[in-house]
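Q: what follows is a predicted structure for the sequence shown.
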Amino acid sequence: MMSLNELIQIRRSLHRIPELGFQEVKTQQFLYQYLQSLPQDNIEVVEWKTGLLVKVNGAAPTKTIGYRTDIDGLPIEEETSYDFKSEHPGMMHACGHDFHMTIALGALTHFAHNRPKDNLLFIFQPAEEGPGGALPILESDAFNKVRPDMIFALHIAPDLPVGTIGTKEGLLFANTSELFIDLEGLGGHAAYPHKANDMVVAGSHLVTQLQTIVARNINPLDSAVVTIGKITGGTKQNIIAEKARLEGTIRTLSPEAMKDVQSRIEAIVSGIETSFDCKAEIDYGANYYQVDNDPALIKDFKKFMETSKYHLIQSDMAMTGEDFGYFLREIPGFMFWLGVETDFGLHHSKIEPKEEALEVAVNLIIEYLSYQTN
Ligand SMILES: CC(=O)N[C@@H](CCC[C@H](N)C(=O)O)C(=O)O
């Protein structure tokens with residue numbers, strides 16, 4: 001078992017080099033070099049785009065168990081108090097993927113030295129934050145040659161204490177769809193509004209009307225989110241804007257509800273085109289399938305956790321998304337939250353997860369994989 005200090009050094013090295021989805025070149029190189037330092041007798045490393053698939057060949061395998069980590073960073077300017085801040089301007093590991101990767105390396109190191117009975121597959125997956133690496137990995141030959149029989153993953157949880165794990169059977173994370181709406185009208189002089197079609201005004205109406213979907217179209221006993229996180233439009237304060245762009249995300253508790261929300265968005269956008277005499281284009285970007293934990297495996301995980309020194313709590317469902325849901329749509333498995341106790345939430349420029357959680361997760365995963373393979 002690697003020491004906490006060794007895990008921290010790896011995490012800090014990865015923290016310095018965050019890269020966006022499918023651009024994780026330095027990250028892949030770092031992971032690859034680390035893997036070269038392990039005994040090679042029982043491990044096979046295959047490159048997949050900017051990710052890696054690492055198989056540990058078991059001594060008497062009857063199954064393959066997969067553990068997936070995401071490896072990409074976010075377009076955020078880091079504002080932590082760290083002296084090991086991101087060396088890539090405007091990019092940051094603000095969703096814990098530096099933790100997730102380190103934990104995978106910690107567990108892998110153990111099994112490279114202590115051959116398991118069954119096969120293990122460690123999946124270092126690019127582009128979780130977008131455009132999504134899980135779906136193309138699942139369709140790849142590289143993955144299908146080593147396809148696991150069950151799979152699991154974790155995500156750091158800022159609001160849980162170190163040593164606490166959270167999960168639940170069934171739906172853990174929502175269905176997601178990105179949302180990009182481009183509006184195009186007629187620009188003009190600020191003093192002649194009657195000779196233009198102002199896309200700042202059209203965009204503002206659109207933002208307000210989109211709020212009616214959750215308030216008026218979704219069954220109050222169901223849940224959905226339509227968030228517009230970014231608006232851009234216009235060029236100068238005294239020029240009527242010819243173009244505006246809204247960027248957001250949709251979250252729902254079923255794929256069917258996602259279709260309903262998208263069709264309401266289309267109706268509202270079409271109404272905006274008519275009432276503001278403009279053109280609009282909708283792009284749904286990356287879509288993620290819900291994270292639906294296998295009830296039987298969660299039951300078994302709960303049984304395993306009774307023997308663990310760490311604490312398991314029942315989580316609530318969250319409106320976060322994760323393309324790990326695509327793995328779970330095809331392979332039985334589950335995801336759990338790992339407590340890292342930090343004041344700032346996921347995707348925040350000041351998030352500082354507690355590094356002691358690295359040791360908790362590596363211990364837990366080694367123990368769980370040993371339990372599963374015996
Ligand atoms: C755990 C987490 O924060 N996941 C992201 C997934 C991104 C989904 C996609 N890019 C979108 O914005 O819809 C999340 O925002 O929940």
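A: Arrived safely, thanks for sending. If you're wondering where the values come from, they're calculated on a predicted model, not measured in any experiment.

Q: can we go C-alpha only for contacts and neighbour counts from here?
A: Noted.

Q: how is this protein divided into domains?
A: 4-172+291-372, 175-287 (automatic domain parsing).

Q: for those domains, could you give me CSV that also reports mean pLDDT and mean neighbour count?
A: As requested, the domains of the chain are exported to CSV (pLDDT from 0 to 100; neighbours: other C-alpha atoms under 10 Å):
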stretch, mean pLDDT, mean neighbour count
domain 4-172+291-372, 97, 19
domain 175-287, 97, 17
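
Q: mind putting the ones you listed in JSON lines, distance to the ligand included?
A: As requested, those are arranged in JSON lines below (distance: least, C-alpha to the nearest ligand atom, whole Å):
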{"stretch": "domain 4-172+291-372", "distance to the ligand": "4"}
{"stretch": "domain 175-287", "distance to the ligand": "4"}
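
Q: helices along the stretch 201-350 of the chain, start to end?
A: Assigned by DSSP state H, counting those that start in this stretch, the stretch 201-350 of the chain shows helices spanning 255-276, 295-305, 324-330.

Q: dump those helices into JSON lines; add distance to Ser204 as well.
A: Listed next are the helices of the stretch 201-350 of the chain as JSON lines, based on distance: least, C-alpha to C-alpha, whole Å:
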{"stretch": "helix 255-276", "distance to Ser204": "10"}
{"stretch": "helix 295-305", "distance to Ser204": "44"}
{"stretch": "helix 324-330", "distance to Ser204": "34"}
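
Q: for Pro136, find the nearest of these.
A: Closest of those to Pro136 is helix 324-330, at 9.9 Å (criterion: C-alpha to C-alpha).

Q: report all helices and strands that the closest one contacts.
A: If contacts are counted by 3 or more C-alpha pairs under 8 Å, 6 or more residues apart in numbering; DSSP states H and E, helix 324-330 sits against helix 134-138, strand 150-157, strand 291-293.

Q: who touches the last one?
A: The set of residues that contact strand 291-293 without belonging to it, under C-alpha atoms under 8 Å, 6 or more residues apart in numbering, is 168-175, 321-326, 328-329, 332-335.

Q: for the longest one, same thing?
A: Outside of strand 150-157, the residues that reach it under the criterion C-alpha under 8 Å, 6+ apart are 64-69, 95-96, 99-100, 324, 327-328, 331-341, 346.

Q: from those, which land in strands?
A: The strands, defined by DSSP state E, take in 64-69, 333-339 from the contacts of strand 150-157.

Q: identify the farthest-apart pair in the residues you listed.
A: Longest span within these, C-alpha to C-alpha: Thr64 and Gly339, 27.1 Å.

Q: make sure Thr80 is indeed in a strand.
A: No: applying DSSP: H, G, I helix; E, B strand; the rest coil, one finds Thr80 to be coil, outside a strand.

Q: residues touching it, list them.
A: 349-352.

Q: Leu160 now?
A: Taking C-alpha under 8 Å, 6+ apart as the test, what Leu160 contacts is 338-341.

Q: can you do 6 Å?
A: 339, 341 (C-alpha atoms under 6 Å, 6 or more residues apart in numbering).

Q: distance of it from Val46?
A: Here the criterion is C-alpha to C-alpha, to the nearest Å. By it, Leu160 lies 35 Å from Val46.

Q: can you give me the strands in the stretch 51-200 of the chain?
A: Using DSSP state E, counting those that start in this stretch, the strands of the stretch 51-200 of the chain run over residues 51-56, 64-70, 119-125, 150-157, 164-167, 170-173, 175-184, 188-189.

Q: the third one packs against which elements?
A: In terms of contact count using 3 or more C-alpha pairs under 6 Å, 6 or more residues apart in numbering; DSSP states H and E, strand 119-125 is assigned the packing partners strand 51-56, strand 64-70.

Q: what sits up against that strand?
A: With C-alpha under 6 Å, 6+ apart as the criterion, strand 119-125 contacts 51-58, 61, 64-71.
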